[in-house]
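Q: coords please:
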Amino acid sequence: MAVDELDTRILTLLLEQPRTSVREYARLLGVARGTLQARLDRMERDGVITGTGPSLSPAALGHPVLAFVHIEVTQGHLDEVGDALAAVPEIIEAFSITGGGDLLTRVAARDNGHLEDVIQQLINLPGVVRTRTEVALRERVAHRVLPLVASVARR
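A: Below you'll find the predicted structure:
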């Protein structure tokens, strides 16, 4: 889906001022409310906008330990292991990857002991061969998309 200059201006406003009304966005952009709503609907339909809820902090929810767990899977079992990961609430993201492992998960834990319990749970999943864990010490760049939107706007 092509994102044009107006789309990037809309996306920038959504990211910078997420609690503003559609009417106010339209006023700030100098477009009709219907035009803005049609653009928002299209970008949602096309998967550019994937959510409108709040961003939550696992640390503020009592899970300050962040780890990345690489999971090596027995050949032919990637889908079933991936499905099983969805049942582990401490896994906040999981991706199929290339390189050293088959899956990469982002895990939030209460403390190191809890992290070890989660890792043991993962190791015991049918189809899991081994795991490798890296604990994050400090976030250096928070999850962000605004710089990407700005780079798309410049093209």
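Q: rest of the way, CA atoms for contacts and neighbours
A: Fine.
Q: Please enumerate the helices of this protein.
A: 5-16, 22-29, 33-45, 78-85, 112-123, 146-154 (DSSP state H).
Q: How many neighbouring residues does residue 14 have?
A: 18 (other Cα atoms under 10 Å).
Q: State the distance from it to residue 139.
A: 24 Å (Cα to Cα, to the nearest Å).
Q: And for residue 37?
A: 35 Å.
Q: same deal with residue 56?
A: Applying Cα to Cα to residue 56 and residue 139 gives a distance of 15 Å.
Q: And for residue 112?
A: Residue 112 is 17 Å from residue 139, by Cα to Cα.
Q: Would you mind telling me which of those two has more residues around it?
A: Higher neighbour count among residue 112 and residue 139: residue 112, with 14 against 8, using other Cα under 10 Å.
Q: which residues sit in contact with that one?
A: residue 65 (Cα atoms under 8 Å, 6 or more residues apart in numbering).
Q: Residue 60: which of the helices of the chain is closest?
A: Of all these, helix 112-123 sits nearest to residue 60, with 16.2 Å by Cα to Cα.
Q: buried ones in that closest one?
A: Using 16 or more other Cα atoms under 10 Å as the test for burial, helix 112-123 gives 115, 118, 119, 122, 123.
Q: could I have it exported to PDB, CA atoms only?
A: Taking Å, rounded to 0.1, in the frame of the first residue of the first chain, the C-alpha atoms of helix 112-123 are listed here in PDB:
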ATOM      1  CA  ASN A 112      15.500 -13.600  37.700                       C
ATOM      2  CA  GLY A 113      13.900 -16.600  39.500                       C
ATOM      3  CA  HIS A 114      10.700 -16.000  37.700                       C
ATOM      4  CA  LEU A 115      12.600 -15.700  34.400                       C
ATOM      5  CA  GLU A 116      14.200 -19.100  35.100                       C
ATOM      6  CA  ASP A 117      10.800 -20.600  35.700                       C
ATOM      7  CA  VAL A 118       9.500 -19.300  32.400                       C
ATOM      8  CA  ILE A 119      12.600 -20.600  30.600                       C
ATOM      9  CA  GLN A 120      12.100 -24.000  32.100                       C
ATOM     10  CA  GLN A 121       8.500 -23.900  30.900                       C
ATOM     11  CA  LEU A 122       9.700 -23.200  27.400                       C
ATOM     12  CA  ILE A 123      12.300 -25.900  27.500                       C
END
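Q: Alright, I will stop here.
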